[in-house]
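A.B. asks: fold the following for me, if possible:
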Amino acid sequence: MEFGTWVLYAAAAVGLSLTPGPNGLLALTHGALYGTKKTLATIFGGLLGFAAVIGMSMFGIGALLQASADLLTVLKWLGGAYLVWLGIQVWRSEPLGVASPTGRPESKSSQLFSQGFLSAVTNPKGILFFVAFLPQFIDPNSSLFLQFVIMAATFVFVEFWYELMVAALADRIQPWLKKVGKNFNRVFGSVFMAIGVLLPLR
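C.D. replies: Below is the predicted model of the structure:
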């Protein structure tokens, strides 16, 4: 990959990361609920999901989706349904400082990892972004695998620092969020559900 092409791709990756989306919102929510350290499981799950989406886009899913509008519709609705389900879970979760003696709800790292991963692989915005833009940066005369490694590593690097920053910010204001109580869960749960409903309708 030429350096100029990589710079353009990196800029696009930064733009996608900074655009409010399910994984950034999930990092914010988990950062407040569980702390920055535990939210790393959520972040790494999301990064693996994004890497998988990039790989699938580069190795064939883009052509598959373009050939089948029905498949794209099904994918969008499945992703929306998962986000709605995730929003319901956030809405129903206990207020901060109530569910555990340490002041944080209990949740296994594997569960957080799974939520991050599924949020990434079922996010229509991210899938459509990669399907639409990756072909513009691919050089058919160069190793496709090497280009995949470069593109995936670039996006994962950008997304990691963005989500870590979001989670750390939420962790710092956690004492204030305790006072907000269940309203915090309801607000962000509602946002998740709204995203899940609106994305498939676009």
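A.B. asks: and the helix or strand Asp70 falls within, what's its mean pLDDT?
C.D. replies: Asp70 is part of helix 69-92, with elements assigned from DSSP states H and E. Throughout helix 69-92, pLDDT has a mean value of 74.
A.B. asks: elements contacting that helix?
C.D. replies: helix 22-34, helix 62-67, helix 109-121, helix 124-137, helix 182-201 (3 or more CB pairs under 8 Å, 6 or more residues apart in numbering; DSSP states H and E). Every C-beta, even on glycine, is put in place using the N, C-alpha and C of the backbone.
A.B. asks: how about that helix as PDB, C-alpha atoms only?
C.D. replies: Extracted in PDB, the C-alpha atoms of helix 69-92 (Å, rounded to 0.1, in the frame of the first residue of the first chain):
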ATOM      1  CA  ALA A  69     -30.200  -6.700  -1.500                       C
ATOM      2  CA  ASP A  70     -32.300  -9.100   0.500                       C
ATOM      3  CA  LEU A  71     -29.200 -10.300   2.400                       C
ATOM      4  CA  LEU A  72     -28.200  -6.700   3.200                       C
ATOM      5  CA  THR A  73     -31.700  -6.000   4.500                       C
ATOM      6  CA  VAL A  74     -31.600  -9.100   6.700                       C
ATOM      7  CA  LEU A  75     -28.200  -8.100   8.000                       C
ATOM      8  CA  LYS A  76     -29.400  -4.600   8.900                       C
ATOM      9  CA  TRP A  77     -32.400  -5.900  10.800                       C
ATOM     10  CA  LEU A  78     -30.500  -8.500  12.700                       C
ATOM     11  CA  GLY A  79     -28.000  -5.800  13.800                       C
ATOM     12  CA  GLY A  80     -30.800  -3.500  14.800                       C
ATOM     13  CA  ALA A  81     -32.500  -6.200  16.800                       C
ATOM     14  CA  TYR A  82     -29.300  -6.900  18.700                       C
ATOM     15  CA  LEU A  83     -28.900  -3.200  19.500                       C
ATOM     16  CA  VAL A  84     -32.400  -3.100  20.800                       C
ATOM     17  CA  TRP A  85     -31.800  -6.200  22.900                       C
ATOM     18  CA  LEU A  86     -28.600  -4.600  24.300                       C
ATOM     19  CA  GLY A  87     -30.500  -1.400  25.100                       C
ATOM     20  CA  ILE A  88     -33.100  -3.400  27.100                       C
ATOM     21  CA  GLN A  89     -30.300  -5.000  29.100                       C
ATOM     22  CA  VAL A  90     -28.700  -1.600  29.900                       C
ATOM     23  CA  TRP A  91     -32.200  -0.200  30.800                       C
ATOM     24  CA  ARG A  92     -32.900  -3.100  33.200                       C
END
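A.B. asks: who touches that helix?
C.D. replies: 22, 26, 29, 64-65, 115, 118-119, 122-124, 127, 185-186, 188-197, 199-200 (CB atoms under 8 Å, 6 or more residues apart in numbering).
A.B. asks: out of all of them, which helix in this protein is the longest?
C.D. replies: When the chain is parsed with DSSP state H, its longest helix is helix 144-172.
A.B. asks: if we can go back for a sec, can you redo the helices and strands packed on helix 69-92 as CSV with distance to Ala12 and mean neighbour count?
C.D. replies: Output for these, formatted as CSV (distance: least, CB to CB, whole Å; neighbours: other CB atoms under 10 Å):
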stretch, distance to Ala12, mean neighbour count
helix 22-34, 16, 26
helix 62-67, 16, 14
helix 109-121, 17, 20
helix 124-137, 6, 18
helix 182-201, 20, 17
